[in-house]
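Undergrad: Pasting the sequence and the predicted model now:
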Amino acid sequence: MTDPHATTTSKISRAGGLPSARDAVLELKSRIGRSVLGQERMVESMLIGLLANGNLLIESLPGLAKTRAVKTLAKHLAADLSRVQFTPDLLPSDVTGAEIYVQTDKGGQFQFQRGPIFANLVLADEINRAPAKVQSALLEAMEERQVTVAGKTYKMPDLFMVLATENPIEQEGTYPLPEAQLDRFLMHVVIGYPDEATEGEIIKLNRAESAQKSKDRPPEPAPIPQLAIFDARGEIDDIFVSDLAQKYIVDLVFATRFPATYGKPLSGWIQVGASPRGSLALDRCARARAWLDESAFVTPDHVRAVMHDCLRHRLILTYEALSEGVTADQVIDKIAELVSVA
């Protein structure tokens, strides 16, 4: 059911002549797209993650605009951005905050000093460069939207999203994310190089931005209010998921858990399948995808459009698959081929 408050505020926004939630989100997408060229899928995945109220793990080679995309999102959305550069010497308190001893009029006492995790958008840059103890500092915030320090619990903002980045080729001095943490990411987005034409447009954009620094910049448009995101989430809650679409989601996830049902080669590729969080992620992201497509209901195409991002980090492949060079995306492709809609 839709949150009554979300429904009310949405009606008020439209009655006041303001853009609808979809118009506001599409405007946000357009603004990011003008600054982040050649990464349409990453921009779209960020918006789906934001609309589905989840966290994203973004993986790519260096220089492919991961940080730029997140900063641009924060710039055009009325949201606070906090960036944490993960390094091996980082401590959990550097992320969550800590209690410090201060002198007050009433004498010395401990006060909680909030860490960078307390922001609307948290960019966890190169998350796999910090050890597991630091990575685990994010778990409670990502899953329960709160942080517990010294026995006290502190709530995160209503609009909260962790966007973590990692480099797939840097292995020295890195700490692979444990499965429990990977499972808490709604989506694992993998992006590649832009095409030749876009590469040229990136050079032109960079040249134009450099030239503009020495001139008077035109005023920036007003940021998209957070209310538009909350309104959109309320509308997404009303997207219809038929029994057939729900069964398709369940069948896809169960194919990862019981691959022997589909015989070779799938049975020899998967060691551990997706958890129920995989089913929930497919449902939430498919509804967000349908909403962006202005559809009142989820279709199998909407599910297939998000299944790679929702499942690739939830599969543990066998040694046989790894030795053959089989990737999680290839496994998901085979599952999509074998699992029928009806």
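TA: Structure received.
Undergrad: Assign residue 102 to helix, strand or coil.
TA: Three-state call for residue 102 (DSSP: H, G, I helix; E, B strand; the rest coil): strand.
Undergrad: Enumerate every residue touching the closest residue to it other than its chain neighbours.
TA: Leaving aside its sequence neighbours, residue 102 sits nearest to residue 111 (CB to CB, 6 or more residues apart in numbering; 5.3 Å). To be clear about C-beta, it is placed using only N, CA and C from the backbone, and glycine gets the same treatment. Applying CB atoms under 8 Å, 6 or more residues apart in numbering to residue 111 gives the contacts 99, 100, 102.
Undergrad: pLDDT wise, what is residue 220 at?
TA: Per-residue confidence at residue 220 stands at 81 (pLDDT).
Undergrad: residue ranges with poor pLDDT in this protein?
TA: By pLDDT under 70, the low-scoring segments of the chain are 1-18, 170-173, 214-216, 342.
Undergrad: Give me the domain ranges for it.
TA: Split into domains by automatic domain parsing, the chain comes to 4-192, 239-338.
Undergrad: surely residue 85 meets residue 123?
TA: No - Residue 85 is not in contact with residue 123 according to CB atoms under 8 Å; the separation is 9.0 Å.
Undergrad: So the two - more neighbours on which side?
TA: Using other CB atoms under 10 Å as the criterion, residue 85 and residue 123 rank with residue 123 on top: 25 against 12.
Undergrad: any idea how far the closest residue to that one other than its chain neighbours lies from residue 164?
TA: In space, and not counting its chain neighbours, residue 123 is closest to residue 83: 4.4 Å by CB to CB, 6+ apart. For residue 83, the distance to residue 164 equals 11 Å [CB to CB, to the nearest Å].
Undergrad: Mutual contacts of the two, please.
TA: Overlap of the contact sets of residue 83 and residue 164 (by CB under 8 Å, 6+ apart) consists of 123, 125.
Undergrad: Those two - which one has more neighbours?
TA: In terms of neighbours (other CB under 10 Å), residue 164 is the more surrounded of residue 83 and residue 164; the figures are 27 against 16.
Undergrad: roughly how far out does stretch 205-222 sit from the chain middle?
TA: Computed by CA atoms, centre = their mean, to the nearest Å, the chain-centroid distance of stretch 205-222 equals 29 Å.
Undergrad: Dump the domains of the chain into a markdown table; add distance to residue 228 as well.
TA: As requested, these are arranged in a markdown table below (distance: least, CB to CB, whole Å):
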| stretch | distance to residue 228 |
| --- | --- |
| domain 4-192 | 4 |
| domain 239-338 | 13 |
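Undergrad: Might you report the residue contacts of the most centrally placed residue in the chain?
TA: In the chain, the centroid-proximal residue (CA atoms, centre = their mean) is residue 56; its distance is 2.3 Å. Taking CB under 8 Å, 6+ apart, we find residue 56 in contact with 45, 46, 49, 161, 162, 163, 164, 185, 186, 187, 188, 189.
Undergrad: can you do 7 Å?
TA: Under the criterion of CB atoms under 7 Å, 6 or more residues apart in numbering, the contact list for residue 56 reads 45, 46, 49, 163, 185, 186, 187, 189.
Undergrad: Just the buried ones from those residues?
TA: By neighbour count, with 16 or more other CB atoms under 10 Å, the contacts of residue 56 hold 45, 46, 49, 163, 185, 186, 187, 189 as buried.
Undergrad: close enough to count as contact, the third one and residue 188?
TA: No - taking contacts as CB atoms under 7 Å, residue 49 lies outside contact range of residue 188: 10.6 Å.
Undergrad: that older thread, and the residue nearest to the centre of the chain, backbone torsions?
TA: Per-residue torsions, residue 56: phi -120, psi 140 (degrees, to the nearest 10).
Undergrad: Name the nearest residue to it, sequence neighbours excluded.
TA: Distances taken as CB to CB, 6+ apart place residue 49 nearest to residue 56, at 4.5 Å, with adjacent residues excluded.
Undergrad: what sits against that neighbour?
TA: Neighbours of residue 49 in contact, by CB under 7 Å, 6+ apart: 55, 56, 161, 186, 187.
Undergrad: Which helix or strand contains it?
TA: For residue 49, the host element (DSSP states H and E) is helix 40-51.
Undergrad: and what of residue 108?
TA: With DSSP H and E as criterion, residue 108 is part of strand 107-114.
Undergrad: Tell me the strands beside the helix or strand following that strand, with direction?
TA: Following strand 107-114 in sequence order, the next helix or strand is strand 121-125 (DSSP H and E). The pairing partners recorded for strand 121-125 under DSSP bridges are strand 81-85 (parallel), strand 161-166 (parallel).
Undergrad: mind listing the strands for the stretch 51-200 of the chain?
TA: 56-59, 81-85, 97-104, 107-114, 121-125, 146-149, 152-155, 161-166, 187-190 (DSSP state E, counting those that start in this stretch).
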